[in-house]
Structures are given as C-alpha cells and as structure tokens.
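>>> quick one: sequence plus predicted model below, questions after.
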Amino acid sequence: MDWTRILVNTAGEIFAPTTAAYALAAIGLNVHFGLTGLLNMGQAGFMLIGAYGFAISTIAGWPLWAAVLVALAAAALFGLLLGIPTLKLRGDYLAIVTIAAAEIVRLVGRSTALTELTGASSGLRGNSYKHTFQDASPFADGTVALGPFEYSMNASNSWWIRIVGWGLVALTCLLIWLLIRSPWGRVLKGIREDEDAVRSLGKNVYSYKMQALVLGGVIGALAGIVYVLPRAVQPDSMGRPMTFFVWTILLLGGAATVFGPLLGSIIFWVSLMFIKSVMRVGVPESIMRTEQIEQFGWVIVGVTLMVLVIFRPQGILGDKKELAIDVR
Amino acid sequence: MSADYTVPEPVPFATTTAGRDRVTADLSHVARTPGVIKPDAIVVADQVTRHFGGMTAVDVAHLEVQRGAITALIGPNGAGKTTLFNLLTGFDRPSTGTWSFDNRSLSGVSAARVARSGMVRTFQLTKALSRMTVIENMRLGATHQPGENLFTALVPPLWRAREKEITEQAEELLARFKLDAKRDDYAGSLSGGQRKLLEMARALMSRPTMVMLDEPMAGVNPALTQSLLGHIQSLREDGTTVLFVEHDMHMVRHISDWVVVMAEGRIVAEGPPEDVMADQAVIDAYLGAHHDTDLGDDALLEDGIERLEAKEQNR
Amino acid sequence: MRSAATRDRSTAAGVLLALGVLVLTTLFTLVPAPSAGAAAAGPCVADAATGCINGTVTTADRQPAVGVVLEVDGPGGTVQASTGTDGRWSAPVTAAGQYTVTLDTTTLPPGEQLRDPSGNPRTVTVELGSSAGALFPLGEPAGTAPGDQATDDASEPSDDASSDVGAPVGSSASGSFSWSRLAQQATNGLVFGVLLALASVGLSLIYGTTGLSNFAHGEQVTLGAIMAYVGCQLLHLPLLVSGLIAVLVGAASGWVQDAGLWHPLRRRRVGITQQMIVTIGLSMALQYTYQFFLGGGQLRIVTTNPTMLTLGPVRITMTSVVSLVLSALVLAAVAWFLLGTRIGRATRAVSDNPALASASGITVDRIVRLVWVLGSSLAALGGVLMGLYLNATNWNMGGALLLLMFAAVTLGGLGQAFGALAGSIVIGLVVEMSNLVIPSDMRYAGALLILILVLLLRPQGILGRAERIG
C-alpha cells in the first residue's frame, strides 16, 4: 500500500479549491441556518446561479470584476425572489421552496432550449471562462512545488485559485465574526429563537430574514465561482447532493459558529479522500469496483449526516446551550 | 395608595399624566356601560370582529382605553381576550373593524410597527429567548440601535456608544426587577416567574407609552406576585398606560383602575373593579360559561382558538 | 467520521438506526448484483487521485440516449460506464495516461447510429484531478441517404428519456399544438398524476400524523420499483408476484424505519427539524446504496413491448390502463379506510391534533406506525407502477419524483390525504401538458414553479381551508 501517496493526496484536500468552495458555501448556509434559523435546502441553487452568472458574463466578454458582480447580483435577486413568498410562512415551506427553486435552476440550465447560453447538460467548459481569472494573477506562470504539493501557478487547479479561494474564506469568516457580535446578529439570533418575541419588540422580522437570505445566498454564489474555476460548470454536478454535502459540512463543524463551516469542510473532504484512497488500494476489485467505492463514500456521508443530527447537532465547535436545531 | 374614595371635584375631560388619584378622578364619572366613551382615550376601537370559520371569536362594537390607567380585561375562557390582544397589537388580522392608538390608525399595521409606535406587548406563554443571556434579551428590546443595520453592524465604532447606553438602561431595569444577579445567565435557566419579569423588563426597554400584558400572573410563584404588582403600579406612576388580561380576580381588584369584561367575544360590562365584581351581568357571564358545561370543554375551546391563531399567524 | 461519531455516542437508538440501514442493505446483498455490463458509475468527481472521462450521448433529435454502454481501457485498468437518464456517462480512472473509449453500438437506442463510426473507439488523454470528454455524436453517418432511419414510431418502446426519469410511451416531444396531442398529453397526465398520488398520499399521511417532511419518501418509491426489477429480471418471477413482493418489502421497510429510527427519535424528543435533516441523510444513504448494488444505469422491469390501445386520438399502453384501474381501486380503498373505519378515523384525529387524540384514548404511536407501513407500501406500489409507466427505473427515480410529490402535497394542503390526491392529479396534468408549450426537458421545472406560485397565492393549498375550527 502506497501510504505516502495516500497521505499526500489526503493532505492536499486540506487546502484544495473544492474544500474552500464548500467552506464558503457552508458559511453562507450558516448565515441562513446557524444565525437565523432559515431552512435553506437549495444552497446548490445559489452556487449554480453564481457559477452561471460568472461564466456566462465572462464568455460574453465582460471583465473579471463585472462578471463577479453579475454572479453576486444574480444570487441576490434569486434570494429576493425566493424570500418574498416564503419568509412569512412556516419554516418547512422555505425548505420545500428553496429545494424546488434550486432544482428549477438546474433543470432550466440543462435544458436543450438554452444550449447556446448554458451548454445544456454538458455545461460550459472551464477553458471558456477561466482566462480573466488566470490573467488577474500577479504571479509568473509555471509549476511550483511546496514540499510534496506540486500545482501549476495560474492554470486550472492552481496555487492562484487556492490563494484566492482561501483568501475569500478568511474574509467571509471575518465578516461573520463581526456580524455575530453586532446588534444585527443579535436580532437574527432572536429570530432564530422566537420570531414573535422579536416582532413584539418592534423589529421588522421579514426584512431581517430577507437580509440573511440574500447575504448567505451571495456568499453561496461566491462559493459557486470558486467551485467552477478549476473545473467546468456542469448543472448536474451541482444538484441536491451538493446542498446536502454543504449541510453535512455545516452540521459537522458546528452551526452558528464562526469557524465551524471551515473546519467541517476540511474534515469532510479529508476524511472522504482518505477513506476512498485507502479503499481503492486496500479493497480488491472483485469485492468493490472503483465506482462502487465512490458510492460507498456517499453512503458514509449520508449516514454521518444522520448520526450527527441525532447525537451531536451542535457539531464539533458548537455549544449545545446556544444551539438547538428547532425551527417552528 | 390612598384608600379613601372621596371623589375630587370632577374635571370634565381632564388630561392626566400619572397617578392613581388622577385616573380614579377621571374615570369616576364615566358611565358603567359597555363601550362607554372615556375622557382621554389612548386606544379607540370600532366594530372589531374576528371570525374563525363559522365562529365569532371577537365582536367588539366600541372600546376605549383610558390613558395612564391600568385597565384589566377579564372574562371566562374562550371569551376572545387574547384574540382581541392579538388584533390590537397586529399579531392577527381582524375580519372587520378599525382602531387607533394615540390618534393614529393602527388597523392593518404590522406587529413590529405597532411596537415601534409605542404599544408593546408580552405573551401569555412567555417568549423569553432562552438561548440568549438575560442581558442580550434586554438589549434586544431597545429601539434606535444603529448596529441593527447590516452595514453599520460591520463598523463597531458606529454603534458602541448606543450599545453602552442601552446596556446601562438594561442594567438599571434588571436591578429594579431584581434580575441583576442573573445578568449573564441564559434566559432558559430562569424560573417561570423570572421569565415573566424578564419579558416585562424587556418590553420596557423601548420606553413604551402603553404596555399590553397577557396574563402576567399566570404561573408566577406567589412570592414574586407582590413585586410584579408593584412593578405594574409603578408603570402607572411613570405615566405608562397598562392593559392586561388576567384571571386572578384578586389581582384585578387590587391594582386595576378600570375593568372590561368580555364574554363570547363581546364586551358585556365595564367599570371600576368594585362595581364590576358586583355586577349581575358579569356573574352571569362567568357562571354562564360554567353553568351547564364542564371546565374541560372550555379548555378545549380555548385550545382550539389558540391553534387557529397559530395557524393564522403562519399565513 | 462515522466510526468516530458513533463510537463515543452509541446508544440504543443509534444501534437501531444502524440496524435499519443494515436491514435495507442486506435486502440488497441477498440479491445477486447484475452483470458488470449493466452497471454504471454515478457522476464521477475528479480529485487528486481520480480523473474522469465523461460525455453525453444524445440522439439525432437531441434527446438523451439512455443505457448506452461504454468501455474505458487504459493504464488505470478497465472501467465500464453507461449513460444515465440524461444521456450522460462518466468513468473514474485512477491513473493518468491515454485511454481508449469504446462505445458498444448494440446498446444504442433503436434506429440510432454513430455519425462517425470511424471515431469509435477513440483515444483520450486524462490527467488526475481533471475531466476529459469523449463525444460520440449520433445521427446520419456521412454518405448515407437520409430519411430511412428517421421515422419515429411512437409505439416502439424506446429508452429515450426526456428528463430525469424518462418519458412514458406515447409521450411526444414538444412541437406544434393539436387537439389530439392535447388529448394524448392530458391522458398521460392523468395516468402520471394518479400514480404520483399513490406515492404522495403516504407522504401526506406521514406529515399529517408526525409533522415530518420526509425527504426520504422518494427512496421508498425507488425501493418498490427496484424490488419489482429484482423480482422480474433477476429472480425471473412473474410481474404480479414481484409487484406483490415489492409492496410487502415496502411495507416492511416502513415498519422497520418507524420501529428502528423514527419511534426512538420521537421518544428522545428530537425536534422535528432535526428529524427532517435525518430524512435527508437517510435519503442520501439509501440512494447511493441502491446505486452501489444496482449501478447507475436504467433498469427495465419488463422488457417485452407493451400492447398499445387506441381510443380515439389517444394511444395508451395496456399496462397504463391496468395501472390506472389498480391505482384508482387502491386509492378508493385508502379513502374508505380513512373515512369509514374506526382506525382510519383515529388516524385523521391524530392528524388533526395528536395531543387531543392521545387524551381521548387513541394510541398515537400505533397509529403512526400504521401510517408508516401504509405510506411506505403505497409508495412501493406507486414505484412499481411508475417504473412500468416510465418504461424503466433507476436508483434516482424516487429522488427525481420527490419534489413533484411535495408539490402535490403542498398544492393539496400539507397533511391532507385527499388534498394530496387532488394535488397529484394537477401536478401530473401540468407535467405532461406543459410539453405543449415548453421544451419537454423543462416540464418538471414547470410543475415546481407552480408549487412556488401556489405558496405565494394560497399557502393552505387548494383543498386546505384558510380557517378551520378545532
């Protein structure tokens, strides 16, 4: 068994762009669920909107900053549209509507009717929208090795995307840290506990929920951009399972904490990679085929989510006294 | 508290600000008839009705609440008291009717706006935010906080000063309500009575002109009752109007200036506590509800209405 | 992750929960796995140790080609893949290098052929951590006279699926409007809606009695379909027997789930939102368990060509007619059960107010258990019939239908069994008839949009009353 390779691969996940993207998505979901108690079951929809917004406007020839703005604005608009009918209703309605809306985005994106814009189900190739981001890199091209980790500086799955991705994670963590400690965060926490009480104190609950939904969604769109930069925009890879992974990550690390989503994402991807790598080497092909190992990994994720929610809903970093997953 | 009821010279339509004597004086020559006009009404409601399916929960033709007074709203279970409360505070929408608070119409105004306009309520089942500390609960009650804006929140220097101010105000109130020792405890760890106190103190953070208390005594330890009564009375001394729903007749008799009796959604009697308690219509209303049915059925009705209300609020 | 979490917190409920999953898992291990040729990978995810080769096979008229088998051979070994309902396929490889991708032309949908036969097999270069595409366009090979192959006979059962779970026989792609198409689509919609109702009624009953939005209900539907496939295709039992087994397995799984998972959770007073997230985890675990054992490809419960009936402008398969009648009978029986029997009335009482029902002597836990068994067996039956109606099933069929079920249940008023029936028929009609105006691969999106609009305008649903006296 080649343990060095397995360990290097596994350690590489700690700072992989995907890990950063999922951490960002979970931070966004944390604003929804951890801070406000909103059951957003369509975070992948926000991510997909962000990815499409960024990729399509870049392909249309827009500069990097404009493309990012388009992505964020599209996600904000999506959040507004979802929030208007549902934020006055009971929590589980929001869950059903967000999951349905995310599915609508995916179904419309992969529809052959929009092939010219979205590339239908085969999606948009990475090379068609990566250039503005790669050109923005201040570093020289080439391959750089840091210890056992060797990636190209700017192209595709690069150091540059790692730097930007984790920079964004750090920035949003700072943002959440500031917000949790502010009176704004206090109102959200009150809403999570009992929105009627907060309403009776003169706060516009609807507006606060909307702000939280849009803010978390915009962070989700950012996550979508980071997610697709090293790969392609493929609507089918950004469906319901993605949302559920983000939930697992958030609950693993600890909702309503600043670093929970970050820690959750790292643990999630590192463990998954480790388990799969070991099984690929250790389990003979006759017992489990390569793709079965892949599926086995996802079964583990599902069971982990169940076990977590039942036995440790506050996650690794959370405080049970402060968080109970219970939304009316 | 003067015990003598020698009525001072009547001052027609006097505008009073505080004190039991003044209020008693103002109300002394108001007729004891349902829906009577008050000298200085802060709340005026007209033709307020609320139907749930085929049932009429509230049908109030006219109601006025005197400014600066402590008004009690009593009635048998299922009389529509809490529903009326919910309507007045914007937590429920009426089927028909209009009402005003401080000469501003509040019909169709959202609960949050009602609270901001100075009418703050508490709930029958206390809504202390249990996973927040007592002091955070209090701070949440304050109004005009710049830090409650998403963008200002990101720059602490912009809201620190106000935060300090409200923390001081909160600490003062907590001391008054003898909760200062619990300042940093989670509200969930408080006893039922302490939660009632906290909820009332929190409501006072916004310096309201009128407080609506829904069964402030329910579930409160008798040891705390006296101090709660004291707090309510001191509100009147500060010029705050109080309207409360209560079942405890002792309390009603003890502190209220005026009593409004509801039965089957209507107002059946009004007057000073002594008069109302002796009123045959009131006795009938209470007995009527219990005469030929048992209490269990009544509780069912109340329960049904609460569920309906919860449903309505979810819409 | 799992072992760490369970080790220090394993309690009775945990054991039961694991048992529940295990029972379902063993159910599948008892069954011989299909040959490697039928198996296919789920979506491949490229990471530091995996590279992906993928592509989409679409027919000449741009519909996805389902069940096409490809073989990838190279330094990392040989991997087989087949296209899913969306025509996509992907194969994970564990070593970088050049791979030969061969498309098995015998698995192409009837009447389809490669546009460029010389491009099969083709070679692609794969790097770890990224994906490489291998495209095989279908259509008229250059130089062949067009026309001959283009005739599309609607009576031919084809594996073409126009959306996540395929399209029924007789369903036409979007095109110009005509009254006969309208009638055809309305009929399809009615059949689809009634089958959907079988699944939704259970979802609604469970929501009504426990307040739980069960996101794993779709997997109950899949379970039914898959059990029917296992019975018919792997154990070679007659359809009727396999269908019956499927329903029994569904009922058993409902019992096991409630006894092993939901009942202990209710006893622990686990919040309803927490339980909802548990259903999401369960749904994920079950979906991939199905895929683990049966692969990602299409599974056809029956392989014989269906008999077509022509009624005026409408063409309908004999199977659909039988399904329709059977569903109507079952739904009528459920209605009779809820309205006419003592225990059914008790069920509705629990749904109305569990505390009150409990106070009046109804054993709420027994009713809930019954509802789980009933709901799961209805879902299984719905799954079997849906699998027949859609011509094929797969590991994700219930998952794809789940949101339509939610739409139906919400439309009819959450928790109201009869609302779910009405809602399902509306959703069925919308799904099938939206073909007339929007592209067929967007038809599910149309139904979901209606769900959102309903919530906006009438959150209590079509049948839910705005006001009700307890």
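Ah, there it is. Owing to the predicted nature of the structure, the values given are computational and were not obtained by experimental measurement.
>>> alpha carbons only: can I get stretch C:297-305 in CSV?
Taking C-alpha atoms only, stretch C:297-305 is exported to CSV below (Å, rounded to 0.1, in the frame of the first residue of the first chain):
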residue,chain,number,x,y,z
GLY,C,297,-28.0,2.7,-15.4
GLN,C,298,-31.6,2.2,-16.4
LEU,C,299,-33.4,-0.9,-15.1
ARG,C,300,-36.3,-2.2,-17.0
ILE,C,301,-38.8,-4.1,-15.0
VAL,C,302,-40.3,-5.7,-18.1
THR,C,303,-38.5,-5.9,-21.4
THR,C,304,-41.4,-7.0,-23.6
ASN,C,305,-43.1,-4.5,-25.9
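>>> let me see the domain layout of chain B.
Residue ranges for the domains of chain B, per automatic domain parsing: B:18-127+B:208-292, B:129-189.
>>> looking at those, which one has the lowest mean pLDDT?
Note on these: lowest mean pLDDT is at domain B:18-127+B:208-292, with a mean of 86.
>>> how about that domain and chain A, touching?
Yes: using CB under 8 Å from any CB of the partner chain, domain B:18-127+B:208-292 reaches chain A at B:89, B:91, B:110-113, B:115-116, B:120-123, B:127. C-betas here are computed from N, CA, C, even on glycine.
>>> quick check: mean pLDDT across the helix or strand hosting A:Leu188?
Assigned by DSSP states H and E, A:Leu188 belongs to helix A:183-193. Averaged across helix A:183-193, the pLDDT comes to 94.
>>> not counting its own residues, what contacts whichever helix or strand comes after that helix?
Per DSSP H and E, helix A:183-193 leads on to helix A:195-200 as the next helix or strand towards the C-terminus. The contact list for helix A:195-200 (CB atoms under 8 Å, 6 or more residues apart in numbering or on different chains) reads A:187, A:190-191, A:205, A:328, B:89, B:91, B:110-112, B:115, B:120-123, B:127-129, B:140, B:203, B:313.
>>> about what we covered before: by contact count, what packs against the helix holding A:Leu188?
Here helix A:183-193 touches helix A:195-200, helix A:205-228, helix B:134-141, helix B:150-153, going by 3 or more CB pairs under 8 Å, 6 or more residues apart in numbering or on different chains; DSSP states H and E.
>>> what residues sit buried inside it?
Neighbour-count burial for helix A:183-193 flags A:183-193 (criterion: 16 or more other CB atoms under 10 Å in any protein chain shown).
>>> and B:Arg121, backbone torsions?
Taking degrees, to the nearest 10, you get phi -120, psi 160 for the backbone angles of B:Arg121.
>>> that one contacts B:Met210, doesn't it?
No: under the criterion of CB atoms under 8 Å, B:Arg121 makes no contact with B:Met210, lying 9.2 Å away.
>>> ok, now how distant is the residue of chain A positioned farthest from its centre from chain B?
Residue farthest from the centre of chain A, counting by CA atoms, centre = their mean, is A:Ser286 at 35.4 Å. The gap separating A:Ser286 from chain B is 53 Å, by CB to the nearest CB, to the nearest Å.
>>> can you tell me how far that residue is from C:Arg369?
41 Å (CB to CB, to the nearest Å).
>>> then A:Gly109?
42 Å.
>>> cool, and A:Val144?
Distance from A:Val144 to C:Arg369, by CB to CB: 61 Å.
>>> tell me which of the two has more neighbours.
Between A:Val144 and C:Arg369, counted using other CB atoms under 10 Å in any protein chain shown, the more crowded position is C:Arg369 (19 against 14).
>>> picking that back up, now list the buried members of the residues of domain B:18-127+B:208-292 next to chain A.
B:89, B:91, B:111-112, B:115-116, B:120-123, B:127.
>>> quick one: these as TSV, columns for secondary structure too.
Output for those, formatted as TSV (DSSP: H, G, I helix; E, B strand; the rest coil):
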residue	secondary structure
B:Thr89	coil
B:Phe91	coil
B:Ala111	helix
B:Ala112	helix
B:Ala115	helix
B:Arg116	helix
B:Val120	strand
B:Arg121	strand
B:Thr122	coil
B:Phe123	coil
B:Lys127	coil
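>>> nearest residue to the middle of chain B?
Geometric centre of chain B, nearest residue: B:Met212, 1.7 Å, by CA atoms, centre = their mean.
>>> helix/strand/coil for that one?
For B:Met212, the assignment made with three-state DSSP gives strand.
>>> that one contacts B:Leu88, doesn't it?
Yes: with contacts counted by CB under 8 Å, B:Met212 reaches B:Leu88, the gap being 7.1 Å.
>>> nearest residue to the residue nearest to the centre of chain B in space, please, no chain neighbours.
Using CB to CB, 6 or more residues apart in numbering or on different chains and skipping residues adjacent in sequence, the residue nearest B:Met212 is B:Arg121, 4.0 Å away.
>>> do the same with B:Thr126
B:Arg195 (4.4 Å).
>>> equivalent analysis for A:Thr98, please.
Nearest to A:Thr98 is A:Gly42, by CB to CB, 6+ apart, at 3.4 Å.
>>> which phi and psi does the one you found have?
phi -130, psi 40.
>>> tell me the mean pLDDT over the longest helix seen in chain C?
The longest helix of chain C (DSSP state H) is helix C:179-210. Averaged over helix C:179-210, pLDDT sits at 88.
>>> buried sites along it?
Within helix C:179-210, the residues that count as buried by 16+ other CB under 10 Å are C:181, C:184-210.
>>> ok, stretch C:68-81 next?
Of all the residues in stretch C:68-81, those buried under the rule 16+ other CB under 10 Å are C:68-74, C:76, C:79-81.
>>> cool, stretch B:175-192 as well?
In stretch B:175-192, counting by 16+ other CB under 10 Å, buried: B:176-177, B:179, B:182-183, B:186-187, B:190.
>>> and the two most separated of the residues you listed?
Spanning the widest gap among those are B:Arg176 and B:Tyr186, at 21.2 Å by CB to CB.
>>> which of the three states applies to B:Ala269?
strand.
>>> contact partners for it?
Per CB under 8 Å, 6+ apart, neighbours of B:Ala269: B:32, B:34, B:259-261, B:276, B:279, B:281-282, B:285.
>>> spatially nearest residue to it (excluding sequence neighbours)?
Per CB to CB, 6+ apart, closest to B:Ala269 is B:Val261, 4.2 Å.
>>> count of neighbours near that neighbour?
For B:Val261, using other CB under 10 Å, the count is 25.
>>> so it sits in a strand?
Yes: the assignment for B:Val261 is a strand, going by three-state DSSP.
>>> pretty sure it contacts B:Gly75?
Yes: here B:Val261 reaches B:Gly75: they are 5.6 Å apart, a contact under CB under 8 Å.
>>> any residues in contact with both of those two?
Between them, B:Val261 and B:Gly75 share the contacting residues B:268, B:285, judged by CB under 8 Å, 6+ apart.
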